[in-house]
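Next come a sequence and a model predicted from it.
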Amino acid sequence: MCGIIGYVGSRSAQPILLDGLRILEYRGYDSAGIFIPGSGVCKAVGPIDELVKVCTDTSTGTSGIAHTRWATHGQPTEANAHPHHDMSETLWLVHNGIIENHQEIKEGLRARGVTFYSDTDTEVLVKLIGTFHQGNLRQAVQAALQVVRGAYGLAVMYERDPNTIVAARLGSPLVLGLGNDGNFVSSDPSALLAHTKDVIYLEDGDIAVLTNDSYEIISQRGAPAKRVSTTVDWSVEQVQKDGYPHFMLKETHEAPEVITNTARGRLLPEAGNVKLGGLEPILDRLSNLRRLHVIGCGSAYYAGLVGKYILEEYADLPVEIDLASEYRYKRTYPEKHSAILAISQSGETADTLASLQKAKQQNLLTLGVVNVVGSAIARETHAGVYNHAGPEIAVASTKAFLSQLTVLALIAVLIGRQRGLSRTDGQDIIRAIGDLPNLLRTTLGLEDQIKEIATRYHTYEHMMFIGRKFHTPIAYEGALKVKEVSYIHAEGYAGGELKHGPIALLDADFPVVALAPYDDVFPKMLANIEEVRARQAPTIVITTADAPEMGTLTSDTLVMPQTHPIVQPIVTTLVLQLLAYHIGVARGHNVDRPRNLAKSVTVE
Ligand code: F6R
């Protein structure tokens, strides 16, 4: 939610900031703005392309801050776009997060004669900083942050001191980039890759002062803090489209490589086991777990639902699952020998983070399956497994979801082998995970067929996805993907639920996508398909090569490769991702940036 970038150095700042904003655009894209000391501010409503059109000043300034917005307070208008300024119009601020007590502060400032031009909480914050500013920007920021409640990743500049950026973080992500010809601050390291891979992830409460050749970090306690720099192992190519029309398509096509990376060095084929370095120190505790509680939001939650099925089936481990946005508020019963596992691509999702913090306060062991290394959720957990899916730029999650399912299968083997999963069964699963990249390559070969089906179905206004057992959450995920990128009303249901209500919706205008791989619930799915067809609902059946002949049951059939049930959902999901992509494109939408959505939900 909102992306910020700042640069102070010896190069021209404008292209650096605009290029950075393009990479951060996935975090929000309703308006954007840039401030360069000496040149002033330019802002535009809409995507970064609109900003580029208005930033025509060939500025030579070598420092500045920039922002791409996902509106929380106030409409996406130019007045509400960042950067925002104080009363003197010399202090400029970009902010990602929410100032919860902004109304109260605003009233206090109004009483002192301060006026406001926007509806944003960010303007309140910069005006507050302005009231404390007497020449030392860092002290003014520090004083203001003691007054505010909420979350922020922010960068501030004082027009008369262009060689300094003050940045601060609480709750929202912020990373410093250390370059040879200047220093950077950004919401996400991906925006810095073209300039530097040396980064420092700020901790909550940190305030950093950046100049062209130095940086200083002050911790929440007000004392200088040492923070280790790390090297980001992502490449510039990974954050570019690489010839694909959309990031979503590129990231979907990366599936084979992503699974290879997720599994690399982790499979022990001979032992029928896996090696997960991040969980090794707590292996004993995992073996003795009585219950695992899984949390996540959106697709990550659906990955967790698949995890519940497979951990219960293969690791003999009772699993409870909750939406993180519910877990954090509900009464929980922390038990001895239980743990909580948070699943998150970004590692930033506010509800997931808050749930983890709650669990930690209740002395639970906290675990994570996270893609972004060094992110807040990764740092909040006692132990965990990184996905190694690489940066995911398209707003709708694709490759990260596949890697989450892969990690969950690995965890199921790790815990399962301690709790009765036989070596032979472990070997079967390891073989299937090892073969998966090839199967995914074969699955990508179905794309022309999927595209052709998408062109025939994209005009419907409703769609239902059904599956059973491991494929019930995949039906939810398929429906979510279609909703997000095509705005078609889509529902996901367990096949067995059809007759309990949703079948009433079905008619010739309500197509059904039936997930029917050849597994132990295949006959039940066949029965569902017959029921659906009897209501004249157009049907797309996604099945596997080993499934018996389906005769005249179906209108459209996609035959994907058959694999072990524990990883079959990964293959099925790839088909659904391609289907959603092509439906969204056929409807003329920008599938990378669906309306009203942003990639990381760092506000609650
Ligand atoms: C759906 C999607 C979202 C995310 C959810 C959690 O395509 O991307 O539903 O899965 O916002 O995000 P993370 O995994 O970053 O916690």
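Done, it's in.

which residue packs closest to A194, ignoring adjacent ones?
In space, and not counting its chain neighbours, A194 is closest to V236: 5.4 Å by C-beta to C-beta, 6 or more residues apart in numbering. Quick note: C-beta positions are derived from backbone N, CA and C, even for glycine.

and that neighbour, how many neighbours?
Applying other C-beta atoms under 10 Å, we find 12 residues neighbouring V236.

The ligand versus that one, what's the distance?
22 Å (C-beta to the nearest ligand atom, to the nearest Å).

count of neighbours near the closest residue to the ligand within the chain?
Relative to the ligand, the nearest point of the chain is G298 (1.8 Å; C-beta to the nearest ligand atom). For G298, the count of nearby residues is 21 (other C-beta under 10 Å).

Is the residue nearest to it when sequence neighbours are not counted in a helix, a strand, or coil?
The shortest distance from G298 to any non-neighbouring residue, by C-beta to C-beta, 6+ apart, is to L480 (6.9 Å). Per DSSP: H, G, I helix; E, B strand; the rest coil, the local secondary structure of L480 is helix.

which residues does L480 contact?
L480 sits next to 298-299, 302, 490, 492 when contact means C-beta atoms under 8 Å, 6 or more residues apart in numbering.

Could you save the residues you listed as JSON lines and add columns showing distance to T90 and secondary structure?
As requested, these are exported to JSON lines (distance: C-beta to C-beta, whole Å; DSSP: H, G, I helix; E, B strand; the rest coil):
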{"residue": "G298", "distance to T90": "41", "secondary structure": "helix"}
{"residue": "S299", "distance to T90": "44", "secondary structure": "helix"}
{"residue": "Y302", "distance to T90": "48", "secondary structure": "helix"}
{"residue": "A490", "distance to T90": "50", "secondary structure": "strand"}
{"residue": "G492", "distance to T90": "53", "secondary structure": "strand"}
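
From the residues you listed, list the buried ones, please.
Buried members of these, counted by 16 or more other C-beta atoms under 10 Å: 298-299, 302, 490, 492.

surely T196 meets F184?
Yes - using C-beta atoms under 8 Å, T196 is in contact with F184, at 6.8 Å.

Pull up the overlap in contacts between those two.
177-178.

more crowded one of the two?
Legend: neighbour count by other C-beta under 10 Å for T196 and F184, higher for F184 (29 against 20).

Give me the residues contacting the helix or strand harbouring that one.
According to DSSP states H and E, F184 maps onto strand 182-186. Outside strand 182-186, the residues that touch it by C-beta under 8 Å, 6+ apart are 3-11, 20, 24, 62-63, 155, 165, 167, 174-178, 192, 195-196, 208, 210-215.

Could you point out the helix or strand that follows that strand?
strand 198-201.

could you say what helices and strands that following strand packs with?
Here strand 198-201 touches strand 175-179, strand 230-231, going by 3 or more C-beta pairs under 8 Å, 6 or more residues apart in numbering; DSSP states H and E.

Comparing these, which comes out most buried?
strand 175-179 (a mean of 23; mean count of other C-beta atoms under 10 Å).

strand partners of it, parallel vs antiparallel please.
Counting by DSSP bridges, the strands paired with strand 175-179 are strand 182-186 (antiparallel), strand 198-201 (antiparallel).

can I get those strands in TSV with distance to I453 and mean pLDDT?
Converted to TSV, the strands paired with strand 175-179 look like this (distance: least, C-beta to C-beta, whole Å; pLDDT from 0 to 100):
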stretch	distance to I453	mean pLDDT
strand 182-186	40	98
strand 198-201	43	95
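
As a markdown table, the ones you listed with distance to V54 would be great.
As requested, the strands paired with strand 175-179 are arranged in a markdown table below (distance: least, C-beta to C-beta, whole Å):
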| stretch | distance to V54 |
| --- | --- |
| strand 182-186 | 22 |
| strand 198-201 | 30 |
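
which of these sits most buried?
With neighbours taken as mean count of other C-beta under 10 Å, the strands paired with strand 175-179 reach their highest mean count in strand 182-186, at a mean of 27.

hey, where'd the helices end up in the stretch 401-550 of the chain?
With DSSP state H, counting those that start in this stretch applied, the stretch 401-550 of the chain shows helices at 423-444, 447-457, 472-486, 522-534, listed in chain order.

For L576, find the nearest of these.
Checking the helices of the stretch 401-550 of the chain against L576 by C-beta to C-beta gives helix 472-486 as the closest, at 3.9 Å.

Could you pull out the buried residues of that closest one?
472-486.

Neighbours of the residue lying closest to S338 once chain neighbours are set aside, how many?
Leaving aside its sequence neighbours, S338 sits nearest to R291 (C-beta to C-beta, 6+ apart; 4.3 Å). Neighbourhood size, R291 [other C-beta under 10 Å]: 15.

in terms of contact, does R291 touch E335 like I think?
Yes - counting by C-beta under 8 Å, R291 touches E335, with 6.2 Å between them.

My guess is V228 contacts D198. True?
No - using C-beta under 8 Å, V228 is not in contact with D198, being 10.7 Å away.

For N273, see how far away A71 is.
A71 is 48 Å from N273, where distance means C-beta to C-beta, to the nearest Å.

Centre of the chain to stretch 45-65, how far?
Mean-position distance between stretch 45-65 and its chain equals 27 Å (C-alpha atoms, centre = their mean, to the nearest Å).

buried stuff in that stretch?
45, 47-48, 51-52, 55, 59, 61-65.

repeat for stretch 330-345
Result for stretch 330-345 [16+ other C-beta under 10 Å]: buried residues 332, 338-345.

Just give me the neighbour total for D316.
14.

Just the pLDDT at it, thanks.
On pLDDT, D316 comes in at 96.

strand partners of whichever helix or strand V369 is part of, parallel vs antiparallel please.
Using DSSP H and E, V369 falls within strand 365-370. Strand pairing for strand 365-370, determined by DSSP bridges: strand 338-344 (parallel), strand 383-386 (parallel).

where's the strand holding F184 relative to the chain centroid, distance-wise?
23 Å.

For the residue nearest to S338, give me its contacts.
R291 makes contacts with 317-320, 335, 337-338, as judged by C-beta under 8 Å, 6+ apart.

and if we set it to 10 Å?
317-320, 333, 335-340 (C-beta atoms under 10 Å, 6 or more residues apart in numbering).

Over to L21?
3-5, 27, 29, 32-34, 47-48, 51-52, 66-68, 191.

quick one, the host helix or strand of A151 and strand 182-186 angle?
Secondary structure from DSSP H and E places A151 in strand 150-158. Taking axes from the mean of the first three to the mean of the last three C-alpha atoms, to 10 degrees, one finds strand 150-158 and strand 182-186 inclined to each other by 150 degrees.

Do me a favour and average the pLDDT over strand 150-158.
Mean predicted lDDT for strand 150-158 stands at 95.

And stretch 65-77, by the same measure?
85.

Using CSV, lay out the buried residues of stretch 330-345 together with pLDDT and distance to the ligand.
Listed next are the buried residues of stretch 330-345 as CSV, based on pLDDT from 0 to 100; distance: C-beta to the nearest ligand atom, whole Å:
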residue, pLDDT, distance to the ligand
T332, 91, 20
S338, 95, 22
A339, 97, 19
I340, 98, 15
L341, 98, 13
A342, 98, 8
I343, 98, 7
S344, 97, 3
Q345, 95, 3
